[in-house]
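S.K.: Provided below are the primary sequence and the corresponding predicted coordinates.
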Amino acid sequence: MYFFTVYQMDVKQLLYWIYLVLIALPFFLVITVIAALCAAFGSILGAEWFFGYWPGKLWSQATLALMLIPVKVEGREYLPKDRPAVVTPNHTSAMDIFILYGYSGIRFKWVMKGSLRRVPFVGWACEKVGFIFVDSTPSGAKRVIEDCEKAIANGYHIFMFPEGSRTLTGHLGKLRKGAFIVAQETDSPIVPAKITGGYEILKRGTLNFKWGRMGLRFFQPIQPRSSDSIADLMERVRVKIQ
């Protein structure tokens, strides 16, 4: 019975892989190029408010649909409608991008690694729509904060993974200060967010996709106070996500 169960699971995984390679991947490549070109050229022509959001949103939703991944979103009512917030999700997998972009329902600027500029089409499009890249230079951190302040002043939310990189263990890693400094400097609320399922679908360092479900939950905003230290804010967010 055990052998039969394992065999059954392996067959399902094999069939899923065949589907991904032969059907999902070709469609994904096509819609990625189309979405990137639409986002970039639309933003260049001055319609960044529209093209910096809709092509990426539809691309993300289509990607998860192609991969047959069900999505459940909770707590969207906690995303402020009257002012921008700094959204701080945990970083489980490369899949996080699709659920956040596709299902958050807000216009935002993403803070992302500078190395992502080199991703064909996508990196160029992200640059044109005004996403914020983190460069490993002495002035990089200061410039990121300044760019976040400008984005917030223009009405955009900020998405920043406080762990900085994807988890290696499936558990929440050490938080970095950047998102919390931005929130304090701009007096913006922090919205913790928890992503589930991404680690099980695609672990860091592997291309072994596995079918699964993804969840996204937003928590009640945390408004920084003048008496709060960065460490206090980091701990409050960590507690929410965990």
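M.R.: Alright, I've got the coordinates.
S.K.: only C-alpha atoms from now on, for both contacts and neighbour counts.
M.R.: Noted.
S.K.: so where do the strands sit in this protein?
M.R.: Assigned by DSSP state E, the strands in the chain fall at 71-74, 86-89, 108-113, 132-134, 157-159, 190-196, 214-218.
S.K.: parallel or antiparallel, which strands does the first one pair with?
M.R.: Looking back up the chat, that one is strand 71-74. If you go by DSSP bridges, strand 71-74 pairs up with strand 214-218 (parallel).
S.K.: what angle separates the strand it pairs with from strand 190-196?
M.R.: Interaxial angle of strand 214-218 relative to strand 190-196 (axes from the mean of the first three to the mean of the last three Cα atoms, to 10 degrees): 160 degrees.
S.K.: tell me the average confidence for strand 214-218?
M.R.: The average pLDDT for strand 214-218 rounds to 98.
S.K.: which other residues reach it?
M.R.: 69-76, 78-79, 99-100, 191-198 (Cα atoms under 8 Å, 6 or more residues apart in numbering).
S.K.: where's the residue nearest the centre of the chain relative to residue 159, distance?
M.R.: Per Cα atoms, centre = their mean, the C-alpha nearest to the average position across the chain is that of residue 97, at 3.5 Å. Distance, residue 97 to residue 159, by Cα to Cα, to the nearest Å: 10 Å.
S.K.: could you list the low-pLDDT ranges of the chain?
M.R.: Applying pLDDT under 70 to the chain flags the ranges 1-9, 137-139.
S.K.: return the longest helix along it as PDB; C-alpha atoms alone will do.
M.R.: As assigned by DSSP state H, the longest helix anywhere in the chain is helix 25-44. Provided in PDB are the C-alpha atoms of helix 25-44 (Å, rounded to 0.1, in the frame of the first residue of the first chain):
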ATOM      1  CA  LEU A  25       6.000  27.400 -19.800                       C
ATOM      2  CA  PRO A  26       5.600  28.400 -23.500                       C
ATOM      3  CA  PHE A  27       2.500  30.500 -22.600                       C
ATOM      4  CA  PHE A  28       4.300  32.000 -19.600                       C
ATOM      5  CA  LEU A  29       7.200  33.100 -21.800                       C
ATOM      6  CA  VAL A  30       4.900  34.800 -24.300                       C
ATOM      7  CA  ILE A  31       2.800  36.600 -21.700                       C
ATOM      8  CA  THR A  32       5.900  37.700 -19.800                       C
ATOM      9  CA  VAL A  33       7.300  39.400 -22.900                       C
ATOM     10  CA  ILE A  34       3.900  41.000 -23.700                       C
ATOM     11  CA  ALA A  35       3.400  42.200 -20.200                       C
ATOM     12  CA  ALA A  36       6.900  43.600 -19.900                       C
ATOM     13  CA  LEU A  37       6.700  45.500 -23.200                       C
ATOM     14  CA  CYS A  38       3.200  46.900 -22.300                       C
ATOM     15  CA  ALA A  39       4.400  48.000 -18.900                       C
ATOM     16  CA  ALA A  40       7.600  49.600 -20.100                       C
ATOM     17  CA  PHE A  41       6.400  51.400 -23.200                       C
ATOM     18  CA  GLY A  42       3.200  52.500 -21.500                       C
ATOM     19  CA  SER A  43       5.200  54.000 -18.600                       C
ATOM     20  CA  ILE A  44       7.700  55.600 -21.000                       C
END
